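1. Quick one, what's the 3D model for this:
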Amino acid sequence: MAGTRSLALGNASVRGRVCVGMRRIAVSWIACSGSVVARSLRSALDASLDSKKENSYYYAHQRRTTGEEPAPAPVHRVIHRSTSQVMDQVEAVFSYQFRDGSKVAKVYVPMEGVGDLPDDLIESSFTEKSMNLQIRGVKQNRTMQLSVAELDGEIVPEGCYHKKLANKVVVTLKKKPSEDGHCSVWTKLRR
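-> Coordinates of the predicted model:
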C-alpha cells in the first residue's frame, strides 16, 4: 500500500510518500523548498513502544541507554610460554616368565636391547601385595610396564629389587615368611 500525502510545516509545504512493508513502516517526508530534509524511519516495534509504552509486547526487548559504552572485547595476554612435553604412552608387558623359590620369587622380563639402557630408565616399586616395573627408552615414546596389583602372596618391599641384564630384566620378590618362618608356595605371579 503506497500513497501520497501533503503536510504543512511552518512556512514550507511538504509532500511525502507512505510505504508499508512486511514488518516495517517507513515514512519519508521531504521538504519541497529543498533546504530542509527531514527523514524519520520508524519500525513497527518503535510504533508499538510509543503507543503502548511499558504495556508493549516489545518493551522488555528494547535497547535502553545506560549512559555507558559497551565494554571492549578482552585482549589475550600471554602470561607464560612453555614447551609442551610429549608424555610416553604406557604399553603393558604380557611376555614374562615366573619362577618360584623357597624364599624369593623371580620374574624374568625378556626385552631386546634393555642392557644398553641407562639405569635411571628402569624403575620398580613394591608394596606388600603388588609390584610395578617400568622400562622407558626401549621403544620411542613408549613406557613398557609390568604391573601386578595383587601378587599370589605377600612380599617384603624393602627386600625386593630389579636387575638389568643384556636382553632381560630380572625382578626379585622377597617373600614374607609366615609365623613359623616358612614362606608360602606361589603357583603363579598374579592372584
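
2. From the structure, what's the count of residues near T143?
-> For T143, the neighbour count with other CB atoms under 10 Å is 17. Every C-beta, even on glycine, is put in place using the N, C-alpha and C of the backbone.

3. show me where pLDDT drops low in this protein?
-> For the chain, applying pLDDT under 70 flags the ranges 1-42, 58, 62-64.

4. All the helices of it, residue numbers only.
-> 44-52 (DSSP state H).

5. Just want the most central residue of it.
-> By CA atoms, centre = their mean, the chain has its centre lying nearest to S84, at 15.2 Å.

6. Now do the contacts for it.
-> Residues near S84 by CB atoms under 8 Å, 6 or more residues apart in numbering: none.

7. again with K52
-> By CB under 8 Å, 6+ apart, K52 lies in contact with Y59.

8. Show me the domain layout of the protein.
-> What automatic domain parsing lists as the domains of the chain is 2-59, 90-174.

9. nearest spatial neighbour of R136, skipping sequence neighbours?
-> The shortest distance from R136 to any non-neighbouring residue, by CB to CB, 6 or more residues apart in numbering, is to L121 (4.5 Å).

10. what's the burial count for that neighbour?
-> Neighbour number of L121 under other CB under 10 Å is 14.

11. gap between the two ends of stretch 159-178?
-> 16 Å (CA to CA, to the nearest Å).

12. buried sites along it?
-> 160, 162, 164, 168-169, 171-175 (16 or more other CB atoms under 10 Å).
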